[in-house]
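J.: quick one, what's the 3D model for this:
(4 chains)
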2 protein chains.
Amino acid sequence: MSKEKKTTSDSSISRIADELDISTRTIRFYEEKGLIRPRRTTGNQRVYTPRNKARLKLIIRGKRFGFSLDEIAEMIGMADADPNELEQIEKSLKYGDVKLKELRERKKELTLLEQDILATREKLIKRKTELEITGSSTTKGEENEHC
Amino acid sequence: MSKEKKTTSDSSISRIADELDISTRTIRFYEEKGLIRPRRTTGNQRVYTPRNKARLKLIIRGKRFGFSLDEIAEMIGMADADPNELEQIEKSLKYGDVKLKELRERKKELTLLEQDILATREKLIKRKTELEITGSSTTKGEENEHC
DNA sequence: TTTACAGCTTACGTAAACGTTAAGTTTTTG
DNA sequence: CAAAAACTTAACGTTTACGTAAGCTGTAAA
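T.: Here you go, the predicted structure:
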């Protein structure tokens, strides 16, 4: 009976773009790639539900970890994938598991990267202190290698 | 007195490429960008020390987190930056700190992403179970939205 | 020594992920 | 109701991060 829900929280593409700090072009691009599929008004303009917005956030988050859009698509499921197809569900599940593993791998690497940066930091500070103490005439040798 | 060290562990570009599972082109490209600067033989061929190799690993690791090569360069320091320049050191330190913060931010988001995928997983499993129980005639309504 | 392979530089090609007009439609607002 | 703001599709432009091929040189093995 109540088919049209003016949920108020639904918003236009530019509002969403503002809120998520991305361009409208980017949002449309993600739609082109099949990552989202917002409803349209009678005038063919895009309408985004909070659900759609959450999905966009998810995409953005995935991107920050170096995943390509294609990878993200497979991770969170294409917007036009039929959720009634068992086969499709199985596939998504399997892919999700693989990605979870990858994700945890990266979690470890993240720590390693952090340590690398910290190590570089230490060396820089040491070198800095050296320079500050010895004044400025310490051009010993021609060792041109550093971290 | 002993200037030339044939450290045996030093290796050619193709060996390194193999070991790190990247192309020689990629390695040369990183050099073009100023990220590494290996020594050369008298015949002008590139020689990579373990140190150089470690640096490459670091670059690769950074890339896996969606950092651009330019960002990585600033994070770990350009290969041709003069380490005697105090100003340069200060700059690198500051940038490193910024990146450390970013990195920790991402660490948190990584967990969020993980949870998102787990949530999707749960829903998929639920849906799957539903489908398996009801046989195949559950086209209730036209709810065409999903995670 | 010769030959074949690995490496070097130079340079054009390409895919991904948008940016940027352009030209027309819809919706909002004075 | 008409102007202005927001939206639409379409298409070409741009940057990043390499791929690939050409043409030459150095180097290891027969």
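
J.: for chain A, what's the longest helix?
T.: Ranked by residue count, the top helix of chain A under DSSP state H comes out as helix A:86-134.

J.: I'd like the average pLDDT over that helix.
T.: Averaged over helix A:86-134, pLDDT sits at 80.

J.: and it, is it in reach of chain B?
T.: Yes. Counting by Cβ under 8 Å from any Cβ of the partner chain, chain B has neighbours in helix A:86-134: A:86, A:89-90, A:92-93, A:96-97, A:99-100, A:103-104, A:106-107, A:109-110, A:112-114, A:116-118, A:120-121, A:124-125, A:127-128, A:131-132. In short, each C-beta sits where N, CA and C put it, glycine included.

J.: buried subset of these?
T.: When the residues of helix A:86-134 next to chain B are checked for burial by 16 or more other Cβ atoms under 10 Å in any protein chain shown, the buried set is A:89, A:92, A:96, A:99-100, A:103, A:106-107, A:110, A:113-114, A:116-117, A:120-121, A:124, A:127-128, A:131.

J.: where does A:Ser12 land on pLDDT?
T.: The score at A:Ser12 is 95. That number is its pLDDT.

J.: ok and the residue in chain A nearest chain B?
T.: Closest contact between chain A and chain B, by Cβ to the nearest Cβ, is at A:Gly66 (3.7 Å).

J.: surely that residue and B:Gly62 touch.
T.: No. Assessed by Cβ atoms under 8 Å, A:Gly66 is found out of contact with B:Gly62, at 9.4 Å.

J.: these two: which is more packed in?
T.: Shown here are A:Gly66 and B:Gly62; by other Cβ atoms under 10 Å in any protein chain shown, B:Gly62 has more neighbours (25 against 14).

J.: what's the closest non-adjacent residue to that one?
T.: Leaving aside its sequence neighbours, B:Gly62 sits nearest to B:Ile72 (Cβ to Cβ, 6 or more residues apart in numbering or on different chains; 4.2 Å).

J.: so who does that neighbour touch?
T.: By Cβ atoms under 8 Å, 6 or more residues apart in numbering or on different chains, the contact list for B:Ile72 reads B:35, B:58-59, B:62-63.

J.: which element is it on?
T.: B:Ile72 is located in helix B:69-76, with elements delineated by DSSP states H and E.

J.: between that helix and helix A:86-134, how many degrees?
T.: Helix B:69-76 runs at 40 degrees relative to helix A:86-134, counting by axes from the mean of the first three to the mean of the last three Cα atoms, to 10 degrees.

J.: is DNA strand D contacted by helix B:69-76?
T.: Yes. Shown here: helix B:69-76 in contact with DNA strand D (Cβ under 7 Å from any atom of the strand) through B:69-70.

J.: just the CA atoms of that helix, as CSV, please.
T.: Coordinates of each C-alpha in helix B:69-76 appear next as CSV, following Å, rounded to 0.1, in the frame of the first residue of the first chain:
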residue,chain,number,x,y,z
LEU,B,69,55.0,6.3,-5.1
ASP,B,70,55.3,10.0,-4.3
GLU,B,71,54.0,9.5,-0.8
ILE,B,72,56.3,6.6,-0.3
ALA,B,73,59.2,8.7,-1.5
GLU,B,74,58.4,11.3,1.1
MET,B,75,57.8,8.7,3.8
ILE,B,76,61.1,6.8,3.5
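
J.: having no further points to raise, I will conclude here.
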